[in-house]
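> here is the input, now give the coordinates:
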Amino acid sequence: MPATKIIFKGSQDHDLAAKLDAPEGTPRAYALFAHCFTCGKDLNAINRIARALNAEGIALFRFDFTGLGLSNGDFANTNFSSNVADLIAAADHMRAELAGPAIMLGHSLGGAATLVAAGSVPEVKAVATIGAPADSENVLKQFGQHLETIEAEGEAEVNLSGRPFRIKKQFIEDVRAQSVHDHIARLKKPLLVMHSPIDATVSVDHARRIFDAAKHPKSFVSLDKADHLLMDRAEDGIYVAKIISAWVSQYIE
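Numbers count the residues shown, from 1 in each chain. Below you'll find the predicted structure:
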């Protein structure tokens, strides 16, 4: 079915743009997706995941974080903590208007934010990550030589995936203050960790650290030839979608 466009208030009181991909009839459950750093809700891999979940009767709620995509707000004023808060705001909206998310999914830094936010969403029965870092500080590698400038001057314009973004010192200070590991250890929800051994953006060692920190039940799936964004080969996104849809089915009625 065609996706439904939704607007809800984010953590900084800006209007955030969302989509609801719903199956025909009443959904068996609702899932909430968090996209990767500086990406957006409309990445091809997410479209494939939405279709695969819909085929299993699961609806997917996805949105653009504050300052990205079609969402309002200034990206420069966001950070990892605001992403976590945006996720919780999305779950609150789902609870009020649809149903609380039984499943939370996250890609890359969105996966780390999902691992932190999931503990604050009581309806969640299962969590899955794709190429997620075990610590939010890993994202600082993408700033390269600009990192020193940001720390010295308070901000700098950084080119990320071919687009310029203004990064402030508060972003760096925020990610360095996080402890994703502690949240993983306290999660106590079924966890699926998916990661490529050739991921050049987030080393597969992060998957091991997430897996080691998590309590059972937990599963790991190697995305053998996939790139970080699942964009080089269409079959990688399809494979991830099928694995997630099959895995979550055992945790919902």
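> which residues in the stretch 151-253 of the chain form strands?
155-160, 163-168, 191-195, 218-222 (DSSP state E, counting those that start in this stretch).
> I meant to write the stretch 1-150 of the chain there.
Using DSSP E, counting those that start in this stretch, the strands assigned to the stretch 1-150 of the chain run over residues 4-9, 15-21, 29-34, 58-63, 103-107, 126-130.
> got the ones you listed as JSON lines, with mean neighbour count columns?
In short, each C-beta sits where N, CA and C put it, glycine included. Listed next are the strands of the stretch 1-150 of the chain as JSON lines, based on neighbours: other CB atoms under 10 Å:
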{"stretch": "strand 4-9", "mean neighbour count": "14"}
{"stretch": "strand 15-21", "mean neighbour count": "22"}
{"stretch": "strand 29-34", "mean neighbour count": "27"}
{"stretch": "strand 58-63", "mean neighbour count": "26"}
{"stretch": "strand 103-107", "mean neighbour count": "27"}
{"stretch": "strand 126-130", "mean neighbour count": "28"}
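> for those, which one sits closest to His195?
Among the strands of the stretch 1-150 of the chain, the nearest to His195 by CB to CB is strand 126-130 (7.5 Å).
> which residues are in contact with the closest one?
If you take CB atoms under 8 Å, 6 or more residues apart in numbering as the criterion, strand 126-130 is touched by 45, 102-108, 111-112, 114-115, 118, 187, 189-195, 210, 223, 230, 240, 244, 247-248, 251-252.
> most tightly packed of the strands of the stretch 151-253 of the chain?
Comparing the strands of the stretch 151-253 of the chain by mean neighbour count (mean count of other CB atoms under 10 Å), strand 191-195 comes out on top with a mean of 24.
> give the pairing partners of that one; include direction for each.
Its sheet considered, strand 191-195 pairs with strand 126-130 (parallel), strand 218-222 (parallel) by DSSP bridges.
> give me the mean pLDDT for the last one.
Same thing as strand 218-222. Strand 218-222 carries an average pLDDT of 97.
> for Ala99, phi and psi?
In terms of degrees, to the nearest 10, the main-chain angles of Ala99 are phi -170, psi 150.
> my bad, Phe65
Phe65 has phi and psi values of phi -60, psi 160 when expressed as degrees, to the nearest 10.
> got the contact list for the closest residue in space to Leu230 that isn't next to it in sequence?
Residue nearest to Leu230 in three dimensions, not counting chain neighbours: Ala45, with 3.9 Å by CB to CB, 6 or more residues apart in numbering. Ala45 makes contact with His107, Ile130, Leu229, Leu230, Met231, Asp236, Gly237, Val240, Ala241 under the criterion CB under 8 Å, 6+ apart.
> recalculate using a threshold of 7 Å.
Leu229, Leu230, Gly237, Val240 (CB atoms under 7 Å, 6 or more residues apart in numbering).
> surely Ser11 and Asp86 touch.
Yes - assessed by CB atoms under 7 Å, Ser11 is found in contact with Asp86 at 5.0 Å.
> residues near Thr26, how many?
Look at Thr26: counted by other CB atoms under 10 Å, it has 8 neighbours.
> same check on Lys215?
With other CB under 10 Å as criterion, Lys215 counts 13.
> that one - nearest residue in space that isn't next to it in sequence?
Lys188 (5.7 Å).
> kindly state the pLDDT recorded for the one you found?
pLDDT, read off for Lys188, is 91.
> what's near enough to touch the closest residue to Ala185 other than its chain neighbours?
Counting by CB to CB, 6+ apart, Ala185 lies nearest to Ala213, which is 5.1 Å off, once chain neighbours are set aside. Taking CB under 7 Å, 6+ apart, we find Ala213 in contact with His181, Ile184, Ala185.
> quick one: Ala213 from Ala3, how far?
Ala213 sits 34 Å away from Ala3, going by CB to CB, to the nearest Å.
> any chance of the contacts of Ala213 in JSON lines, plus pLDDT, distance to Ser81 and neighbour count?
Listed next are these as JSON lines, based on pLDDT from 0 to 100; distance: CB to CB, whole Å; neighbours: other CB atoms under 10 Å:
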{"residue": "His181", "pLDDT": "95", "distance to Ser81": "16", "neighbour count": "16"}
{"residue": "Ile184", "pLDDT": "98", "distance to Ser81": "17", "neighbour count": "28"}
{"residue": "Ala185", "pLDDT": "96", "distance to Ser81": "19", "neighbour count": "13"}
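> thanks again, I'm all set now.
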